[in-house]
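>>> Kindly return the folded structure for what I paste below:
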Amino acid sequence: MYDKLTMKQHLDLETKLSLTKKRIFDWYMYNHGNIYISFSGGKDSTVLLDLVRRQFPEVPAVFVDTGLEYPEIREFVKTIDNVIWLKPDKSFKKILDEYGYPVISKEQSQYIHQYRTAKSEKTKDTRLNGNKWGQGKISEKWKYMLQAPFKISDRCCEYMKKKPFKKYEKETNRKPIIGIMAEESSLRKSSYRKYGCNIYDTKRPQSRPLIFWTEKDIWEYIKQNNIEYSKIYNMGYERTGCMFCMYGLHKDCKGNTRFDKMKKTHPKQYSFCMNKLDLENVINFYIYKKSIKGE
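Next up is the predicted model:
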């Protein structure tokens, strides 16, 4: 049986548009117009930007320049009016050194980091075996990563993106409207089922008016409305987040991963991440289960 989320994901685009516009209007009115668009330069936030500004043209967009974006994304963001650029306090290299590499998924990298750093035996047991419902544990298929000779964590997103946004929100009291979709992860599905689109009564209120959309909807909207988007999508890339992020890399086709593409399209950045950031060794252990060089 379909739940509420699945039913909405199967609606036609016209119906979804009607629902999404209402969520945007409600969020704007509730916050007396004091909102902002979380803008990554990717296709989803580009559609969100268009939808919000069709109703409320004055709403600012906010972009975090992490230094990890594809050059084509940064160039596209520069073409958009009324965009506020932020920067993180820490570099990606410093976060890797202090906390570890983003591998597998946010959830699994968090569990691995917590197991490795936990002082409580209860926490270690939960991360290894799960709670009484069998939840919150490192997946059996990823337990070999506990032996990885490098640090692993989910902290890069927190420091590189979330903290700059939170600082901006605190300084301006603006509330974010974000272009995420539930189909992208189980955590987002769970979040939608718990909170819906507009989250009013949490520590960090936010609106996710596209959360029941699909990637097909995004491209259909772009085509119907002749929306300009970053040319990175015309270079064979489907994901356009941080260039050096390894989340979900195991799902890419071997021999045609995002890093294989990067080697051809952005050789300078490829060389930097493989050699200076040591991603070659991390990927060899994570994906191919090879020993780290020099061991």
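>>> three-state assignment of the residue most central in space within the chain?
Nearest to the mean C-alpha position of the chain, by CA atoms, centre = their mean, lies residue 241 at 6.6 Å. Under DSSP: H, G, I helix; E, B strand; the rest coil, residue 241 falls in the coil class.
>>> if I read this right, it contacts residue 41, doesn't it?
No - with contact defined as CB atoms under 8 Å, residue 241 does not count as touching residue 41 (10.1 Å). (Each C-beta comes from the backbone N, C-alpha and C, glycine too.)
>>> how about residue 37, what does it touch?
Shown in contact with residue 37 (CB atoms under 8 Å, 6 or more residues apart in numbering): 45, 48, 49, 52, 59, 60, 61, 62, 176, 177, 179.
>>> Which of these sits closest to residue 226?
residue 49 (14.6 Å; CB to CB).
>>> And the helix or strand where that closest one lies, what's buried?
In the assignment (DSSP states H and E), residue 49 maps to helix 43-55. Using 16 or more other CB atoms under 10 Å as the test for burial, helix 43-55 gives 43, 44, 45, 46, 47, 48, 49, 51, 52, 53.
>>> Kindly report the same for stretch 158-173.
Within stretch 158-173, the residues scored as buried using 16+ other CB under 10 Å are 159, 160, 161, 163, 164, 165, 168, 169.
>>> Turn these into JSON lines, columns for pLDDT and secondary structure.
Compiled in JSON lines, those are given as follows (pLDDT from 0 to 100; DSSP: H, G, I helix; E, B strand; the rest coil):
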{"residue": "159", "pLDDT": "95", "secondary structure": "helix"}
{"residue": "160", "pLDDT": "94", "secondary structure": "helix"}
{"residue": "161", "pLDDT": "94", "secondary structure": "helix"}
{"residue": "163", "pLDDT": "96", "secondary structure": "helix"}
{"residue": "164", "pLDDT": "97", "secondary structure": "helix"}
{"residue": "165", "pLDDT": "97", "secondary structure": "helix"}
{"residue": "168", "pLDDT": "98", "secondary structure": "helix"}
{"residue": "169", "pLDDT": "97", "secondary structure": "helix"}
